[in-house]
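> Attaching a predicted model along with its sequence, questions to come.
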Amino acid sequence: MNIEDLIIKGLSSAIEQLYGASTDVEVKIEKTKPIFEGDYTFVVFPLVRRSAKSPEATAQELGEAVLKTTPQVHQFNVIKGFLNLSVSPSFWAEALLNFDAQSNIPRKGEKVMVEYSSPNTNKPLHLGHIRNILLGYSIAEIMQSAGYDVIKANLINDRGIHICKSMLAWQRFGNGENPHSSGLKGDHLVGKYYVVFENKLQEQTSDDVALALEGRWNCKDQNIQKRYQDAFEKLGQAKEEKQIAKFKGDIKDLVRNQSDLMQTCQEMLRQWEAKNPEIIDLWSTMNGWVYEGFNRTYERLGVDFDAMYYESNTYLLGKDVVQEGLSNGVFFQKADGSVWIDLTGDGLDEKLVQRGDGTSVYITQDMGTADLKFQEHGINRSVYVVGNEQDYHFKVLFLIMQKMGRSYANGMYHASYGMVDLPSGKMKSREGTVVDADDLLQEMYDTAKAKTEELGKTEGMTSEELDNLYNRLSLAALKFFILKVDPRKRMLFNPQESIDFQGDTGPFVMYTYARIKSILRTANFDGCTIKIDLVLHATEMECIKLLNEFNGVLSAAAEEYNPAAICQYVLDLAKSYNKVYNEVSILKESNEDLRNMRLQLAWQTAQILQRSLRLIGVETVERM
RNA sequence: GACCUCGUAGCUCAGCUGGAUAGAGCAACUGCCUUCUAAGCAGUAGGUCACAGGUUCGAAUCCUGUCGGGGUCGCCA
């Protein structure tokens, strides 16, 4: 039983002795704020009705009772209605002796799939993907460590109009360029042709779009012409800026879709669906380039996957779910053949689940893929790491699976996260403000190298060791910066300023670890026994207290799908140990018992620092 | 128009299952390397927790409203 539970138990029995048994007041304690004396605080205000005494008097008599019920508490003080309890130093010494930094949370026998990354194959990865990837990987590691059996999954959107755009542009303008001939990383090469496509399309349609926005565009296709005229009329009536932009966009799309390029592209997609060998061949080749590129980025980021899903395999799934839903009355069909679910009773709208022509929409696939995941892996939970712009989509998806009576529906969770903003605002590919993942990683590496050389502490390290150090430092800085903020919130990333190596950063924690390891090396430490009747410094007790909180923090981080909790914790621990480091000397300590105790604390702290960092994908170094 | 979110120091963020005098880091200023790695430690300065009401012994935290940022409401994904 940990100390907090012991105190709660002691408090409860003290309260029962004084005021009788009752369940109306939940006994909970919190950490005492540093400005007051004590370790844990109990707030007695909710109790004064039962004690019929002043808050001070209640706290006083309760404190005296706790001394008797809880031997680990050796003194207390009362300020207003706050009862501050101090845990005896010998308890902390004993806690350090018994602490096992490698102890694991028992396995829960529960299988969890964490899906993350989930890229499109027409463009290289960027800063937004990085947040997703780091969160997904870290959530998976945290859950694994917290006792779940985790499967990391990646659902790749490898088909559709977007990849056809790259394919068509490459076919027409690529002159056979490939990653080998151009030296371009495969995903960047394919991304380049996506941009070529958009530029050519722009070139070929800008005149027509201009005409269309003046109402002077004519289309041979009567249906399109009618839709255009409708949209133009709405544009004329629109008042709000947002609406105007929307109708302008509609018109633009309409015109562009009639262009030769887009028509050919659509035809290419049809050919792909018809499994035209030539198209399939081109598609596999270009996707192959992309995967090679993605894999290099994943590897550099230090993340991996246990299961790969491809939309080219899953995009037809879900139609049987639609049939099932029609037959059991969860879905209904409209006159045009389209299939819907009515969620108005749940405060949402009617939602299309299959088009009139019988083809799938996004959510159709997701329904099918959800079934597939649960069937294939027998998982109890399924976590989707996806940006918060899809909050509504997942709300609907989960609700549908519930209404379809899926036993697993309650285990579905959308790990929703906020967008990454730049100082200039949102990242926009059209304005060229997208921060490329590979570029960013390289810049980070160069910065880590420059900072390290500036400090000049790496004498005698081999070039491999240095490379490893720069890699780990740069990743630590980046990962920590991104993961330390609450996933649900949008965050700001300034490429010039955001990455620091001092203060609340990954390198700071690494540094704390490396300094400890340096001492342990010098002392030839490989474990020792310690005495518990020693005088501990307040900073040391604080550090031991934090070590004992590790498992609790880990469990909470898992239940909340929140790597930021680990970041905040490991910062606290590193800061706490740095205080110890500055206050007490280990190697110069002549009292062997004291020296051993301090070595023990250093060793345990180093292990917890390392374990914590691994949960967020950061590796330590022995020297830096 | 409807719904969802966020608003804390100059900047980036903690704290939000209600509790004391709201915390870090960066930036600014002051100390500390003949003492285990100064990527560190100690300190100074910096706040009407967007605003207005309400609930409560007690509100940054819960409720309502207002303002401001972002998002969603596609037979796109």
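Structure received.

> Just the pLDDT for whichever residue of the stretch 201-350 of chain A sits closest to RNA strand B.
Nearest residue of the stretch 201-350 of chain A to RNA strand B (Cβ to the nearest atom of the strand) works out as A:Ser338 at 3.7 Å. Backbone N, C-alpha and C define where each C-beta goes, glycine included. Predicted confidence (pLDDT) at A:Ser338: the value is 94.

> Can you tell me the element the most centrally placed residue in chain A falls in?
Geometric centre of chain A, nearest residue: A:Leu135, 1.9 Å, by Cα atoms, centre = their mean. Element membership of A:Leu135 [criterion: DSSP states H and E] is helix A:127-145.

> Ok, A:Asn199 next?
Secondary structure (DSSP H and E) places A:Asn199 in helix A:186-213.

> what helices or strands is that helix leaning on?
Helices and strands touching helix A:186-213, by 3 or more Cβ pairs under 8 Å, 6 or more residues apart in numbering; DSSP states H and E, are helix A:161-173, helix A:179-182, helix A:222-237, helix A:241-257, helix A:260-273, helix A:277-301.

> Just say helix, strand or coil for the residue in the stretch 451-600 of chain A positioned nearest to RNA strand B.
Closest to RNA strand B within the stretch 451-600 of chain A is A:Gly503: 2.2 Å, counting by Cβ to the nearest atom of the strand. The three-state assignment at A:Gly503 reads coil, by DSSP: H, G, I helix; E, B strand; the rest coil.

> Please report how far it lies from A:Asp421.
Plainly put, A:Gly503 is 21 Å away from A:Asp421 if you go by Cβ to Cβ, to the nearest Å.

> Tell me which of these two has more neighbours.
Neighbour count, other Cβ atoms under 10 Å: between A:Gly503 and A:Asp421, A:Asp421 has more, with 16 against 8.

> I'd say A:Ser498 and A:Phe481 touch.
Yes - counting by Cβ atoms under 8 Å, A:Ser498 does reach A:Phe481; the two are 5.7 Å apart.

> Show me which of these two is the more surrounded one.
A:Phe481 (20 against 15).

> need the contact list for the more buried one.
A:493, A:498-500, A:505-506 (Cβ atoms under 8 Å, 6 or more residues apart in numbering).

> Just the buried ones from these?
A:493, A:499-500, A:505-506 (16 or more other Cβ atoms under 10 Å).

> contacting residues for the residue nearest to the centre of chain A?
A:Leu135 neighbours (Cβ under 8 Å, 6+ apart): A:116, A:385, A:415, A:417, A:482-483, A:487, A:563.

> now do 6 Å
Counting by Cβ atoms under 6 Å, 6 or more residues apart in numbering, A:Leu135 makes contact with A:385, A:417, A:487.

> And for A:Ile400?
With contacts defined as Cβ under 6 Å, 6+ apart, A:Ile400 is in contact with A:Ile341.

> Now do the buried residues in the helix or strand in which it is found.
Element membership of A:Ile400 [criterion: DSSP H and E] is helix A:391-403. Buried residues in helix A:391-403, counted by 16+ other Cβ under 10 Å: A:393-401, A:403.

> Save those residues as CSV, and put in distance to A:Leu317 and pLDDT too.
Listed next are these as CSV, based on distance: Cβ to Cβ, whole Å; pLDDT from 0 to 100:
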residue, distance to A:Leu317, pLDDT
A:His393, 17, 95
A:Phe394, 17, 96
A:Lys395, 21, 94
A:Val396, 17, 95
A:Leu397, 13, 96
A:Phe398, 17, 96
A:Leu399, 19, 94
A:Ile400, 14, 95
A:Met401, 14, 96
A:Lys403, 18, 94
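
> All good on my end, thank you.
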